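Novice: 3D, please:
(one chain, ligands or ions: 1)
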Amino acid sequence: MRDDPGMHNALCEQLGIDVPIFAFSHCRDVVAAVTKAGGMGVLGAVAHSPKGLEIDLAWIDNEVGDLPYGVDLLLPVKFNDDGAKRTEPTDAKDLFPPAHTAFINGMLEQYDVPALPPDLAARGGRMSVSPEAAGTLLDVALTHPIRLFASALGPPPEDFIRKAHEQGAVVAALAGTAAHARRHKDAGVDLIVAQGTEAGGHTGTVSTLVLVPEVVQAVAPTPVLAAGGIVKGSQIAAAMALGAAGVWCGSVWLTTEEAETHPAVKQKMLTASSSDTVRSRSLTGKPARMLRTPWTDAWEAEGAPAPLGMPLQTMLVAEAQQRIGRSAHNEGTGANDLATYFVGQGVGLMDRIRPTRQVVEEMVQEYLQVAEMFAAQVAD
Ligand SMILES: Cc1cc2nc3c(=O)[nH]c(=O)nc-3n(C[C@H](O)[C@H](O)[C@H](O)COP(=O)(O)O)c2cc1C
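Specialist: Presented below is the predicted three-dimensional model:
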């Protein structure tokens, strides 16, 4: 142990961290900063190419030295199975229903979103969700000293768990219900992330306050991390009171100094209240919590087409999102209005830009204040 600010527990001991604060982020700077602050940074790698992942992991290795960090992959249940090859559609445009394309084009026209310059290629909307793509990313990750592998959707495949364990890593998986959590445990997962509906990104319908004790009870003695809506140290104290061994946060890092969040979206997050998010299938095809904007409203409006499945919806909207992102910094424009991104209800508590390290330090201080208050009450 490097330092014991007063939150050290058995899980910290097992993973070699000071405080049980886990940070999911797509941004390598955030991952490294949380790890260096005593928690554990976990890099979200679903949108990485194998080459990009190699570059980011080598950078993190260099930044954090021997300190532990993790990687999160979106693993399909069928991962290394029967050789029934499923490839990512390469020319996905052929698969898009014309009504969907017309709907998106109509929205971009209505909001006056400029086209991409001719010299800029449209991005395809990468999501490595096929067994082959996720397997390649895992192989890249296995060449680095990863201490924790996390799986976002569904129980991680047997082969994945075996490879991670051979490397001495801990396997975590996200669960939105107690039934999911039991399935993860049965599959051999070491650490369950009980993620309530408040969370940013793909999320279920049960609140963190209800889900955490339910999952703790369902999988004991497997350790559980609480996720969904956690932005402050007092909420960490609440999560620990519910039986969690630590917390797993995603949204709070989006407004840090290091975060690569689009500046226009960062600004919206700083002023948004907890009522300004919505679960929408409009970006990935699965319900994911994000900022409510005219983009999400349009997909809910009467006559809007039903979003496609995953990963097709991501590919369908990729170019539109790229166009919006390129112009969203101009306030008062339609692109600025439409801009959205994944974030949880905790956004209402995210009202200033701070360095990532400071976020971790303030969380620890607030947690200790609450813990001391409880201790004093018991002692009286
Ligand atoms: C921008 C964003 C993207 C996310 N993408 C993923 C992902 O690719 N894989 C995953 O396991 N979880 C993902 N999540 C969920 C986080 O891992 C985490 O469970 C969640 O953010 C916790 O709730 P909070 O947002 O209220 O902190 C994402 C969350 C956010 C905010």
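Novice: count the neighbours of the residue of the stretch 101-250 of the chain found nearest the ligand for me.
Specialist: Closest residue of the stretch 101-250 of the chain to the ligand, Cβ to the nearest ligand atom: Gly250 (2.0 Å). Where you see a C-beta, it was placed from the backbone N, CA and C, and this is true even at glycine. Residues lying near Gly250 (other Cβ atoms under 10 Å) number 25.
Novice: then Ala239?
Specialist: Counted with other Cβ under 10 Å, Ala239 comes out at 27.
Novice: what do you get for Pro114?
Specialist: Neighbour tally, Pro114, other Cβ under 10 Å: 14.
Novice: might you report the residue contacts of the residue of the stretch 101-250 of the chain closest to the ligand?
Specialist: Ala23, Phe24, Ser25, Ala199, Gly200, Gly201, Ala227, Phe342, Gly344 (Cβ atoms under 8 Å, 6 or more residues apart in numbering).
Novice: and Ala187, by the same measure?
Specialist: With Cβ under 8 Å, 6+ apart as the criterion, the residues that contact Ala187 are Pro155, Pro156, Glu158, Ile161, Ala173.
Novice: give me the pLDDT for it.
Specialist: With respect to pLDDT, Ala187 scores 95.
Novice: Ser207 too?
Specialist: At Ser207, pLDDT is 98.
Novice: check the one 4 residues further on too.
Specialist: Turning to Leu211, the model gives it a pLDDT of 98.
Novice: does the helix or strand harbouring it come close to the ligand?
Specialist: Assigned by DSSP states H and E, Leu211 falls within helix 208-219. No: using Cβ under 6 Å from any ligand atom, helix 208-219 never reaches the ligand; the gap is at least 8.1 Å.
Novice: could you do stretch 184-200 as well?
Specialist: Yes: Stretch 184-200 reaches the ligand (Cβ under 6 Å from any ligand atom) through Gln195, Glu198, Ala199, Gly200.
Novice: for that stretch, measure first residue to last.
Specialist: One end of stretch 184-200 sits 21 Å from the other (Cα to Cα, to the nearest Å).
Novice: likewise stretch 323-340?
Specialist: OK, stretch 323-340 end separation, Cα to Cα: 13 Å.
Novice: next, give phi and psi for the residue lying closest to Cys249 once chain neighbours are set aside.
Specialist: Distance criterion Cβ to Cβ, 6 or more residues apart in numbering; nearest residue to Cys249, sequence neighbours excluded, is Ile230 at 5.1 Å. Dihedral pair for Ile230: phi -90, psi 120, per degrees, to the nearest 10.
Novice: over to Thr256?
Specialist: Torsion angles, degrees, to the nearest 10, at Thr256: phi -80, psi 170.
Novice: who are the contact partners of it?
Specialist: Contacts of Thr256 by Cβ under 8 Å, 6+ apart are Val30, Ala33, Ile353, Arg354, Pro355, Thr356, Val359.
Novice: most neighbours among the contacts of Gly250, please name it.
Specialist: Neighbour max across the contacts of Gly250 (other Cβ under 10 Å) = Ala227, 32 neighbours.
Novice: wouldn't that one be in contact with Val252 here?
Specialist: No: using Cβ atoms under 8 Å, Ala227 makes no contact with Val252, being 11.1 Å away.
Novice: about what we covered before: ok, now which ones touch the residue nearest to Cys249?
Specialist: Thr208, Ile236, Ala239, Val247, Trp248, Cys249, Val252, Gly346.
Novice: Pro20 touches Cys12, doesn't it?
Specialist: Yes: the pair Pro20 / Cys12 is scored as a contact, 5.5 Å apart, by Cβ under 8 Å.
Novice: quick check: the gap between Pro97 and the ligand.
Specialist: 26 Å (Cβ to the nearest ligand atom, to the nearest Å).
Novice: what about that residue, how many residues nearby?
Specialist: 13.
Novice: cool, the one 5 residues further on as well?
Specialist: Taking other Cβ under 10 Å as the neighbour definition, Ala102 ends up with a count of 11.
Novice: helices and strands around the one helix or strand it maps to, which ones?
Specialist: If you go by DSSP H and E, Ala102 is part of helix 98-110. On a contact count with 3 or more Cβ pairs under 8 Å, 6 or more residues apart in numbering; DSSP states H and E, helix 98-110 meets helix 312-327.
Novice: distance between the helix it packs on and the chain's centre?
Specialist: 19 Å (Cα atoms, centre = their mean, to the nearest Å).
Novice: does the ligand sit close to it?
Specialist: No: using Cβ under 6 Å from any ligand atom, helix 312-327 never reaches the ligand; the gap is at least 11.2 Å.
Novice: counting contacts, what elements does that helix pack onto?
Specialist: Packed against helix 312-327 by the contact rule (3+ Cβ pairs under 8 Å, 6+ apart) you find helix 98-110, helix 334-338.
Novice: that one - what's its average pLDDT?
Specialist: 95.
Novice: now stretch 275-288
Specialist: Mean predicted confidence for stretch 275-288 is 97.
Novice: in helices, which of the contacts of Ala187 fall?
Specialist: Glu158, Ile161 (DSSP state H).
Novice: understood, closing this out.
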